[in-house]
Each structure stands twice: as C-alpha cells, then as structure tokens.
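**Q** here's a sequence, model it:
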Amino acid sequence: MAKQNGSGSLADNQLTRLVVGSANQVWHVGRGAYTWAGSGGGRLVGGLMNLGGRLDREAKSRVFEARSSAAVTWERLESAFVQRVARALNALQIPTARDVRELNQRVESLQKAVVALERRAAEAAAVEAAASRAKPAGKAAAAARRRGPARKKTASVARAPRKKAGS
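**A** So this is what the prediction gives:
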C-alpha cells in the first residue's frame with residue numbers, strides 16, 4: 001500500500017477502513033440483490049436499490065467530511081509553518097516584504113524632498129543673481145569705479161646701504 005506522509009500505510013487510516021467496509025457492504029448487497037432478483041421479483045429489487053442508494057449517499061457524505069477535515073488540518077499545518085518561518089526570519093533580522101515596501105516608500109519620499117530642496121536652492125540663487133545685477137550702485141561703488149582698481153599700500157622698509165664692490 002502507499003504511504004501517506006510517512007506516517008503508516010493507507011490501510012491503517014480509520015477513514016480508509018470505513019470506506020472499504022462500506023464498499024464491501026455495497027458489493028454484498030449488490031450480489032444479494034442479483035440473486036434475489038432472479039428468484040424473488042421486482043419488489044425486492046426496488047428495496048435493495050433504495051438501500052444501495054442510501055449506502056452510497058452515506059459513503060459520499062463521509063468522504064466529503066474526511067476531505068473537509070483534511071483541508072482544515074492542512075490549513076492549520078500551513079499556518080503553523082508560515083508562523084515558524086516568520087519567527088526564524090525575524091530572529092535572523094531578515095526584513096520582510098512589508099519592511100522592504102516601507103523602506104522603498106521612505107526612500108521615494110526622501111528623494112522627492114531632496115529634489116524639492118535642490119529646486120528651491122536653484123531658484124534662490126537665480127533670484128539673488130538677478131537682484132545683484134539689478135541693484136543700483138551706491139555712491140561709494142560709483143566712486144570706486146571712477147578711481148580704478150584699488151592699490152596695495154606697502155610699508156616703507158629701510159634698506160641697508162649697498163656695499164661697493166671690492167670694499
């Protein structure tokens with residue numbers, strides 16, 4: 001028999017035994033019905049068909065319940081696995097997808113702020129340059145332009161007299 005999740009054979013499962021038992025009952029009822037139909041008549045066949053239908057519905061119902069139970073168990077197992085992996089990643093300080101999304105949003109907002117500051121600085125520099133060109137010169141500035149470039153004043157240094165060659 002096939003193994004199911006490494007936890008024993010499929011025949012060891014209670015649900016499987018129940019389904020196999022129901023199938024055996026249906027088989028025996030069918031054989032009995034065939035035998036009685038040959039000797040007993042139509043009334044017996046109808047009753048046996050009703051019994052077979054009821055057994056079939058019960059078997060399908062039990063299989064559906066087993067599938068539902070297995071799905072719920074699988075979801076719980078999956079949830080436990082996801083939680084354990086998340087705890088392990090958190091312990092290793094590995095960022096989650098949500099953390100990365102939040103960081104990307106913060107970087108985008110910082111980039112926008114830097115662009116806005118650069119734009120304001122450029123506008124302020126342009127305004128300052130335009131204002132310096134448009135300022136009327138004061139009396140001191142006009143006088144300085146008339147005088148020409150400023151001269152450096154040098155301190156007079158007493159020089160030692162030169163010695164004559166050969167003396």
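**Q** other residues contacting stretch 96-114?
**A** The list of residues contacting stretch 96-114 from outside it, by C-beta atoms under 8 Å, 6 or more residues apart in numbering, reads 86, 89, 90, 95. To be clear about C-beta, it is placed using only N, CA and C from the backbone, and glycine gets the same treatment.
**Q** and for the second one, the neighbour number?
**A** The burial metric for residue 89, expressed as a neighbour count using other C-beta atoms under 10 Å, is 12.
**Q** which strand or helix spans it?
**A** With the criterion set as DSSP states H and E, the secondary-structure element containing residue 89 is helix 42-91.
**Q** what helices or strands is that helix leaning on?
**A** Helices and strands touching helix 42-91, by 3 or more C-beta pairs under 8 Å, 6 or more residues apart in numbering; DSSP states H and E, are helix 14-39.
**Q** any low-confidence regions in this structure?
**A** 1-12, 36-45, 134-167 (pLDDT under 70).
**Q** what do you get if the cut-off is 50, keeping everything else the same?
**A** Low-confidence segments of the chain, defined by pLDDT under 50, are located at 1-3.
**Q** that older thread, which of the contacts of stretch 96-114 sits closest to residue 59?
**A** residue 86 (40.7 Å; C-beta to C-beta).
**Q** for the closest one, give me its contacts.
**A** residue 96.
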